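Visitor: A predicted structure for the sequence below; I have some questions about it.
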Amino acid sequence: MKKLSLIFAVVFIFGVGNVVNAQVDNNDTNEASHQVTLNIPKVALVDIEGSNGEANSITLTPSLTKMEAGAAVDFSGATNSDLALNYTSIVEDGETRDITVGISNNLPTGLSLEITAGGIFSGAVGNPGTGRTIELAASEESKSIVTGIGSVYTGIGNKKGHPLTYNLKVNDSKYSTLEAASSTVTVTYTITGDAANVPTQE
Amino acid sequence: MGMNKSDKMKKVSFFIWFAYFLLLLSAKASAQVEEAEANVYFELPQVALVDIEPDLDNSIHFSVNTSAESGESPFLELPANNDLWINYSSSLTTAQNSRSIVAEISQGDIPEGIRFYLEASTFSGAGGSGQVGQPSGRIELNSQPRPIITNIGNCYTGDGINNGHRLSFSIDVSDYSRVYSVDESSFVVLYTITDN
């Protein structure tokens, strides 16, 4: 009986040893696995680029050269195409963003600002939006100038993203109200939707 | 004790049976059965074991740092991870040439527009011996098993980090238009040591 007890004791020690080993890494088979997690944040960034980089001003002045007395002042020369709209976006599945535009104060009576976001320059990667032409005269207006933006980056510079064309327009029926003056407005572009980062504006 | 002959026989036969059982548990026990006249059958088993180190739970987490510059790629730098190692032990039958280790995405999905890569380093470490495997280079992982280490013969790599092959994980973007924000997307990489 003593022999048998001794053997039982040996078996018991074997058994305990195996249980302990199983709790540490000693239960390998022909397979092993581990988890991978990936986090992708929302991103929404927009800015205006000119030939000198960011933070640009442009001047729109009607052309008065070769002007005939009796002719209307030609506002068609009050145009500028130096700037471009760059943006970077990561959206949720199923979401799209727009870029809206507004002005800081009312334009002089009879004048309006027409802005066209043209077709996307080459170099954009992903799903860029579609540009359009909008017209602004009052500060309380805000209009979508680029729509349907998905996950995309346009590249940086005034030859990347959408070209912006500004035209100063006159309403002929308000011609009598025009006054010689200079006026400054700030045009603000905002990319819509949530973002993990803070949207930048200009 | 009052034990009759039949009881003694039962005890003895139980003892022989038990000794034989112990023999199966461990070769160390074989000395105890030299006089028990049990038939001893030895088998050198095939071995094919694989393990990921260092921990029991080897989750890795990728978080994308995003750009603050409009127009720039939103992914400032693509994340990578070199924390994990793979260990294995292999013994082959004569009929077998070699083994491979294949990797696949066994649960969950890699997010749309993202590619996920794994590259095993060449073998390193002082704890191993034998014909260790050759890495297959940078392999894009998907739901189909793909070899990451091949030509494994009779060998063992040693246990733990810095033994075996270091695993380098990386991602890149295949299609920005299909990359969507996601709080936490998770998937499982499964490694299998297979017979060729």
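Guide: Noted; the coordinates are in hand. Numbering: from 1, shown residues only, chains lettered A, B, ... in the order given.
Visitor: Can you pull out the low-pLDDT segments for chain A?
Guide: Confidence mapping of chain A against pLDDT under 70 gives the ranges A:1-26, A:55, A:196-202.
Visitor: again, only using 50
Guide: Residues of chain A meeting the criterion pLDDT under 50: A:1-2, A:4, A:6-23, A:198-202.
Visitor: likewise chain B?
Guide: The model of chain B has pLDDT under 50 over residues B:1-3, B:26-31, B:33.
Visitor: Spatially central residue in it, please.
Guide: By C-alpha atoms, centre = their mean, chain B has its centre lying nearest to residue B:50, at 2.2 Å.
Visitor: Alpha carbons only: can I get whichever strand or helix holds that one in CSV?
Guide: Taking DSSP states H and E as the criterion, residue B:50 maps to strand B:47-53. C-alpha atoms of strand B:47-53 as CSV (Å, rounded to 0.1, in the frame of the first residue of the first chain):
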residue,chain,number,x,y,z
VAL,B,47,5.7,17.7,-33.8
ALA,B,48,4.2,20.9,-35.4
LEU,B,49,3.8,23.7,-32.8
VAL,B,50,3.6,27.4,-33.4
ASP,B,51,3.3,30.2,-30.9
ILE,B,52,3.2,34.0,-30.9
GLU,B,53,5.2,35.9,-28.3
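Visitor: So what touches it?
Guide: Strand B:47-53 has contacts (C-beta atoms under 8 Å, 6 or more residues apart in numbering or on different chains) with A:25, A:28-34, B:58, B:84-91, B:99, B:101, B:159-161, B:163-164, B:167, B:191-195. For the C-beta atoms, the positions are set from N, CA and C on the backbone; glycine is no exception.
Visitor: Inside helices: which ones of those?
Guide: For the contacts of strand B:47-53, not one is inside helices, with DSSP state H as the criterion.
Visitor: What is the neighbour count of residue B:93?
Guide: 9 (other C-beta atoms under 10 Å in any protein chain shown).
Visitor: Tell me if I am right that it is in a strand.
Guide: No: with DSSP: H, G, I helix; E, B strand; the rest coil as the criterion, residue B:93 is coil rather than part of a strand.
Visitor: For the chain, which segments are assigned as strands?
Guide: In the absence of a named chain, chain A is used. Along chain A, counting by DSSP state E, strands occupy A:31-40, A:43-49, A:79-90, A:97-103, A:111-117, A:125-126, A:130-131, A:133-136, A:143-149, A:152-153, A:162-170, A:187-191.
Visitor: The chain in question should be chain B.
Guide: B:47-53, B:60-63, B:65-66, B:75-77, B:80-91, B:99-108, B:114-120, B:129-130, B:134-135, B:138-140, B:146-152, B:155-156, B:165-173, B:182-195.
Visitor: With distance to residue A:104 as extra columns, can I get those in CSV?
Guide: Putting the strands of chain B into CSV (distance: least, C-beta to C-beta, whole Å) gives the following:
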stretch, distance to residue A:104
strand B:47-53, 59
strand B:60-63, 38
strand B:65-66, 29
strand B:75-77, 32
strand B:80-91, 45
strand B:99-108, 49
strand B:114-120, 41
strand B:129-130, 76
strand B:134-135, 61
strand B:138-140, 50
strand B:146-152, 58
strand B:155-156, 73
strand B:165-173, 38
strand B:182-195, 37
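Visitor: what pairs with residue 91 across the strands?
Guide: Since you didn't name a chain, this refers to chain A. Beta-bridge partners for residue A:91, by DSSP bridges, are residue B:180.
Visitor: nope, chain B
Guide: Counting by DSSP bridges, the residues bridging with residue B:91 are residue B:47.
Visitor: the domain parsing of chain B - what is it?
Guide: Residue ranges for the domains of chain B, per automatic domain parsing: B:1-42, B:47-195.
Visitor: before we move on, the earlier item: the strands of chain A into JSON lines, with extra columns for mean neighbour count and distance to chain B?
Guide: Below are the strands of chain A laid out as JSON lines (neighbours: other C-beta atoms under 10 Å in any protein chain shown; distance: least, C-beta to the nearest C-beta, whole Å):
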{"stretch": "strand A:31-40", "mean neighbour count": "19", "distance to chain B": "4"}
{"stretch": "strand A:43-49", "mean neighbour count": "25", "distance to chain B": "4"}
{"stretch": "strand A:79-90", "mean neighbour count": "24", "distance to chain B": "3"}
{"stretch": "strand A:97-103", "mean neighbour count": "21", "distance to chain B": "11"}
{"stretch": "strand A:111-117", "mean neighbour count": "19", "distance to chain B": "14"}
{"stretch": "strand A:125-126", "mean neighbour count": "20", "distance to chain B": "3"}
{"stretch": "strand A:130-131", "mean neighbour count": "18", "distance to chain B": "14"}
{"stretch": "strand A:133-136", "mean neighbour count": "16", "distance to chain B": "20"}
{"stretch": "strand A:143-149", "mean neighbour count": "19", "distance to chain B": "11"}
{"stretch": "strand A:152-153", "mean neighbour count": "26", "distance to chain B": "5"}
{"stretch": "strand A:162-170", "mean neighbour count": "20", "distance to chain B": "11"}
{"stretch": "strand A:187-191", "mean neighbour count": "20", "distance to chain B": "9"}
